[in-house]
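Visitor: have a look; sequence and predicted model below, questions after that.
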Amino acid sequence: MEMSNEIEVNAPAGDVWAAFNNVERIAPCLPGAQLTEIEGEEHRGVVKVKVGPVNAQYKGKATFIERDQDAMKVVILAEGRETRGQGNASATITATVEALGDDRTRVGVTTDLKITGKVAQIGRNLIPDVSAKIMDQFAGNLETMLSDTSSDDASDDASTEPDASADDSEVRAVSSPEPEAVDLLDVAGPPVAKKFGPIAGLVAVLWIIRRIFKRKKKKKG
């Protein structure tokens, strides 16, 4: 599944480019995402989503596979697996940064998404509808983050050269607040929720029945 979105941010292009090259700064801007540790160029964390009563948490990693500072383009490969289930998710994310003015920037984001498991079965048709709204939330969070950061700090992050003093083999834990799961039905809004609401209701009933049977099996055991 390929999705293309554009967002505009009230911030200089240099600051936006710097943020996209610093996963530790930009991860909290993405709804449902949490960065937990960094090892070299590998960034590990979790993404939480749900469709009505069905929750899923994907634990995985994100790695830069291309950085072109002249073109202000980054390509990131993100891969994750459900912590309680058989589902997998992978995405190749290409982001391009374009200056529209001194303090106005356009970001184009193309995502090639592959997803399996319970959320994919229930929410696959919702994903295109909610991707633009999630990107709008991301843009707002990004603006807030950049406005709270001085230009000097942002320019320091703009360099994509690795720190020679850093030990790539060292795993560094990242302390960040636990995110709330992104509810695809809630983000989609009333029109889409109305369309898929009956399906979510059926899923809720099946989910409750499944939980009851699981409890009965545990008691018998």
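Guide: The structure has been received and is ready for your questions.

Visitor: and the strands in this protein?
Guide: 2-9, 33-39, 42-51, 54-68, 73-82, 88-101, 104-115, 171-173, 182-183 (DSSP state E).

Visitor: list the contacts of the last one.
Guide: Put plainly, it is strand 182-183. 31-32, 48-52, 130, 134 (C-beta atoms under 8 Å, 6 or more residues apart in numbering). C-beta: built from backbone N, CA, C; applies to glycine.

Visitor: among those residues, who's most crowded?
Guide: Sorting these by how many neighbours each has (other C-beta atoms under 10 Å) puts residue 51 first, at 27 neighbours.

Visitor: hey, what's that one bridged with?
Guide: residue 54 (DSSP bridges).

Visitor: from residue 22, how far out is it?
Guide: Distance of residue 51 to residue 22, computed by C-beta to C-beta, to the nearest Å: 31 Å.

Visitor: got the CA positions of stretch 20-36 in CSV?
Guide: The C-alpha trace of stretch 20-36 is given here as CSV (Å, rounded to 0.1, in the frame of the first residue of the first chain):
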residue,chain,number,x,y,z
PHE,A,20,14.0,14.8,10.2
ASN,A,21,17.6,13.7,10.8
ASN,A,22,17.2,13.4,14.5
VAL,A,23,14.8,10.6,15.3
GLU,A,24,15.0,11.3,19.0
ARG,A,25,13.5,14.7,18.4
ILE,A,26,10.9,13.8,15.8
ALA,A,27,9.6,10.5,17.1
PRO,A,28,7.4,12.1,19.8
CYS,A,29,5.7,14.2,17.1
LEU,A,30,4.2,11.1,15.5
PRO,A,31,1.0,10.0,17.2
GLY,A,32,1.2,6.6,18.8
ALA,A,33,5.0,6.3,18.5
GLN,A,34,7.6,6.0,21.2
LEU,A,35,11.4,5.8,20.8
THR,A,36,12.9,3.5,23.5
